[in-house]
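Participant: Below: sequence and its predicted model.
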Amino acid sequence: MPPRVRFAPSPTGYLHIGGARTALFNWLYARRHGGTFILRIEDTDTERSSGDMVSGILEGLRWLGLDWDEGPEVGGPHAPYFQSGRLDRYRAVANRLVEEGHAYFCYCSPERLRRERERAEAAGGAWQYDRTCARLDPARIAELEAAGAPRAIRCRVPDGRVGFTDRVRGRIDVDGSGIEDFVILRSDLHPTYHLSNVVDDVDMAITDVIRGDDHISNTSKHLLLYAALEVEPPAFAHVPLIFGPDRKRLSKRHGATSVMEYARAGYLPDAVVNFLALLGWSPGDDREILPRHDLVAAFDLSGISGGNAVFSPEKLEWMNGQYLAQMPAGDLAARVEPLLRDAGLLPEGGPVDRALLQRLLVLLQPRAKRLPDFVDQAQPFLVDAVEYAPEAVKKHLSSPELAGHVSALRAALAAVEPFEEAPVESALRGVAEARGIKAGALIHAARVALTGRMASPGIFEVIVLIGRARTATRLEQLETYLTTRP
RNA sequence: GUCCCCAUCGUCCAGAGGCCUAGGACGCGGCCCUUUCAAGGCUGAAACCCGGGUUCGAAUCCCGGUGGGGACGCCA
C-alpha cells in the first residue's frame, strides 16, 4: 500500500529551516514511494495561530517546491485540513474515551496545577498530575456538573510499559509511570495537540509519521491514544533536530531562519532543498550535489543519522554557487532580470537585449554565490559611466605614463577587426610590447577604466561585451582622469 | 531533578567486526592555471569522547562514565 505521510505545522510562526527539513523528508518519502504527501494545519491553539502564518508556511513550501497532494487550497477526501475546522470530531472522540473509561473529566483549577508545578520545580523536580479527579466519586462529580464547573478531559494512563520501534532510533520503551494523565481536551473544548494529532492521523489514514526528535517523548502518549481508540498506530521515524551555528536550537532568534529569508537573500530553492536534505541524511555514498529527482530516487529513512545537526551557512552558500553555475543562461536571466530592474540597471519598462544579458550572466556565473551577486557584478556593464574604486586607483593607476599607454590602447582597439576576444588580446599585448610595459599593467588599467573595480571577469571578455564604442569612451574617460587629476 | 535520545575532522556526512596507516564535502592553508577576482585541478592540516568488557581482531557489539540534546503545559 502506498504510504500516506503528512507535514503538520502549527501556524504560530513562519516556516523555518527545521520545519522545512521535516516537510522535505516527508515529501521525499512520499515521492520516493509513490505515496501521498498531506499538509495539515494544526491550529488548535487559537491564541497563537494566525492566518498570516498559514499563508507564510504555504508560501515557504511552494517556494521550496514541496507540493502537497492533500491539504489547504488543494482540498482532498479528508477536508478540512485545518484542525480548527474539525473541533466537533475531537470533542466526540474525547467524550467517547471518557465513556469507555480511557479518559475522565478533570475539574482541577489551572491555578492549583500551576502552583503545584512551581513548587515541584523549586524543589528541583517535575510534577505529574496527582489524579485527584480520577478518584472523584459520582456524587461529587454530579455536584460539580450541577454547578457548571469548567472541566478538561484527561487521558487515564495505564500502568505498564509503552514502546515502539522507531524507524531511525530503533526500539524505544518507557514506563507508564513516567507519563502523567495528560489533558486531551481543554476546558474551552479545544483539543490539545496529542488528541487532534492522533485523531487526524487516524482519520487521514497516515501510515508513516516522520517528525522531529522533540516528539519522541510525546509518542508514548500518542501510542496510548491509539490503543484506547483500538487502531493500529502508524510507523514512526524521528529525525534529529537542526541547530544554528551557535549550537542553539533553531528559532526566530537566529537571523535568517525563515526559508523565505533565504529566498529574499537570493538562494535557489533547489540548492536549499539539496542542502537541507543533507542535514541529517545521506544517500550512503559521497554525492553532495543531488538535484531534486536524484534526492527522490535516493531517499531512504535508513540514511537518516542519529545526532543533531548544526546548520552551516558556508556550505549552503557553496551549494548555491554550484546550482547557480549549472543553471542554463535562460533560466538565470529570468531570475536575475527582475533584480536588475529593481536596481534600476535596466531601462524602465523597456525591452532587454536577451542575448546580450545572457552573455553577461554567463560571464558572471562562476563568480556568483547568490542572485544579488549578479546585480552587483553586472553593474559596470549596464551603467553609462563607472566610478573608480579608491583602492583600484591606488593600486593600478599610479604610473605617470599611464595616460599615454591607455591612449595607445584606445587607438589599437579602434582598429581591431573583428572585435573579438583573440584579436583584442593580441592588440593589447601588442601595445604593451611596443611601449615596453607589462601586459598586466595595461590590463589592470583597462579593468579600472571599464569596470572601476579591482576584480572582474577576464578583461578581453569584458572589453568585447562592453563593445568597441563604449570601451573607447571609457578609456578616454580614464585618460582625462589621469591627465587632470591633482 | 526524572524519563528519553545522541556521541567519527571546526561543521555536515561515509563507515553496519578485519577492506581504516578512518573516506567525501564545506570551511581553512599551500601549489597549479592566470590579466584580477572567482571557478577549476592538485595538495596539506584536521576526528573515531573516556574507561571497562566481548572477540584472534573493534570506530563498528555490550556495560559504565562523561558530554550534548530533547521531553516533562488546559503550547504544538
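Facilitator: Cool, the structure landed.
Participant: make it CA atoms for all contacts and neighbour counts henceforth
Facilitator: Will do.
Participant: who in the stretch 251-400 of chain A is up against RNA strand B?
Facilitator: A:278-288, A:303-312, A:314-316, A:318, A:322, A:366-368 (Cα under 7 Å from any atom of the strand).
Participant: So which of the residues you listed belong to helices?
Facilitator: Using DSSP state H, the subset of these located in helices is A:Glu314, A:Lys315, A:Leu316, A:Trp318, A:Gln322.
Participant: Does A:Met189 touch A:Val93 like I think?
Facilitator: No Met there; residue A:189 is Leu. No: look at A:Leu189 against A:Val93 with Cα atoms under 8 Å: they stay out of range, at 11.8 Å.
Participant: Strands of the stretch 1-150 of chain A, start to end?
Facilitator: A:4-7, A:36-39, A:103-106 (DSSP state E, counting those that start in this stretch).
Participant: For the first one, what is the distance to the chain centroid?
Facilitator: Going by Cα atoms, centre = their mean, to the nearest Å, the spacing between the C-alpha centre of strand A:4-7 and its chain's C-alpha centre is 19 Å.
Participant: Touching that strand from outside, list them.
Facilitator: Contact partners of strand A:4-7, identified using Cα atoms under 8 Å, 6 or more residues apart in numbering, comprise A:22-23, A:26-27, A:29-30, A:35-40, A:205-210.
Participant: What subset of those is buried?
Facilitator: The neighbour count (16 or more other Cα atoms under 10 Å) marks A:22-23, A:26-27, A:29-30, A:35-40, A:206-210 as buried among the contacts of strand A:4-7.
Participant: Please flag which of those sit within helices.
Facilitator: Among the buried ones among the contacts of strand A:4-7, the members falling in helices (DSSP H) are A:Thr22, A:Ala23, A:Asn26, A:Trp27, A:Tyr29, A:Ala30.
Participant: which stretches of chain A have low pLDDT?
Facilitator: Applying pLDDT under 70 to the predicted model, the residue ranges of chain A that meet it are A:251-256, A:486.
Participant: what's the residue of it positioned farthest from its centre sitting at in phi/psi?
Facilitator: Largest separation from the mean C-alpha position in chain A: A:Ala434, at 56.6 Å (Cα atoms, centre = their mean). Dihedral angles of A:Ala434 (phi, psi; degrees, to the nearest 10) stand at phi -60, psi -30.
Participant: any idea what sits nearest the spatially most central residue of chain A, other than its immediate chain neighbours?
Facilitator: When Cα atoms, centre = their mean is applied to chain A, the residue found nearest the centroid is A:Val259 (3.3 Å). Of all residues not flanking A:Val259 in the chain, A:His16 sits nearest, at 5.5 Å (Cα to Cα, 6 or more residues apart in numbering).
Participant: isn't that neighbour right next to A:Tyr262, touching?
Facilitator: No: using Cα under 8 Å, A:His16 is not in contact with A:Tyr262; the gap is 10.1 Å.
Participant: residue contacts, the residue nearest to A:Thr22 when sequence neighbours are not counted?
Facilitator: Counting by Cα to Cα, 6+ apart, A:Thr22 lies nearest to A:Arg211, which is 6.0 Å off, once chain neighbours are set aside. Each residue near A:Arg211 by Cα under 8 Å, 6+ apart is listed here: A:Thr22, A:Ala237, A:His238, A:Val239.
Participant: So the first one sits against A:Ile210, correct?
Facilitator: When you say that, I think you mean A:Thr22. Yes: the pair A:Thr22 / A:Ile210 is scored as a contact, 7.2 Å apart, by Cα under 8 Å.
Participant: joint contacts of those two?
Facilitator: A:Val239.
Participant: Need the contacts of A:Arg211 in JSON lines (columns: distance to RNA strand B).
Facilitator: Below are these laid out as JSON lines (distance: Cα to the nearest atom of the strand, whole Å):
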{"residue": "A:Thr22", "distance to RNA strand B": "13"}
{"residue": "A:Ala237", "distance to RNA strand B": "11"}
{"residue": "A:His238", "distance to RNA strand B": "8"}
{"residue": "A:Val239", "distance to RNA strand B": "9"}
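Participant: Mind putting these into TSV with secondary structure?
Facilitator: Compiled in TSV, the contacts of A:Arg211 are given as follows (DSSP: H, G, I helix; E, B strand; the rest coil):
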residue	secondary structure
A:Thr22	helix
A:Ala237	strand
A:His238	strand
A:Val239	strand
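Participant: Looking at those, state which has the most neighbours.
Facilitator: Among the contacts of A:Arg211, A:Val239 has the most neighbours (other Cα atoms under 10 Å), with 28 neighbours.
Participant: I'd like to know how far that residue sits from A:Arg249.
Facilitator: Look at A:Val239 and A:Arg249: by Cα to Cα, to the nearest Å, they are 14 Å apart.
Participant: before we move on, what about A:Leu382?
Facilitator: Separation of A:Leu382 from A:Arg249 (Cα to Cα): 44 Å.
Participant: Check A:Thr36 too.
Facilitator: Applying Cα to Cα to A:Thr36 and A:Arg249 gives a distance of 30 Å.
Participant: for the residue nearest to A:Val259, which residues make a bridge with it?
Facilitator: Note on A:His16: beta-bridge partners A:Ser258, judged by DSSP bridges.
Participant: For the helix or strand where A:Leu465 lies, name the packing helices and strands.
Facilitator: In this structure, A:Leu465 sits in helix A:459-466 according to DSSP states H and E. Contacts defined by 3 or more Cα pairs under 8 Å, 6 or more residues apart in numbering; DSSP states H and E place helix A:459-466 against helix A:354-364, helix A:421-434, helix A:439-451.
Participant: If you count neighbours, what's buried in the second one?
Facilitator: Spelled out, it's helix A:421-434. Those would be A:Glu421, A:Val424, A:Glu425, A:Ala427, A:Leu428, A:Arg429, A:Val431, A:Ala432, for helix A:421-434 by 16+ other Cα under 10 Å.
Participant: I figured the third one hits A:Val462, correct?
Facilitator: By that I understand A:Glu425. No: using Cα under 8 Å, A:Glu425 makes no contact with A:Val462, being 11.2 Å away.
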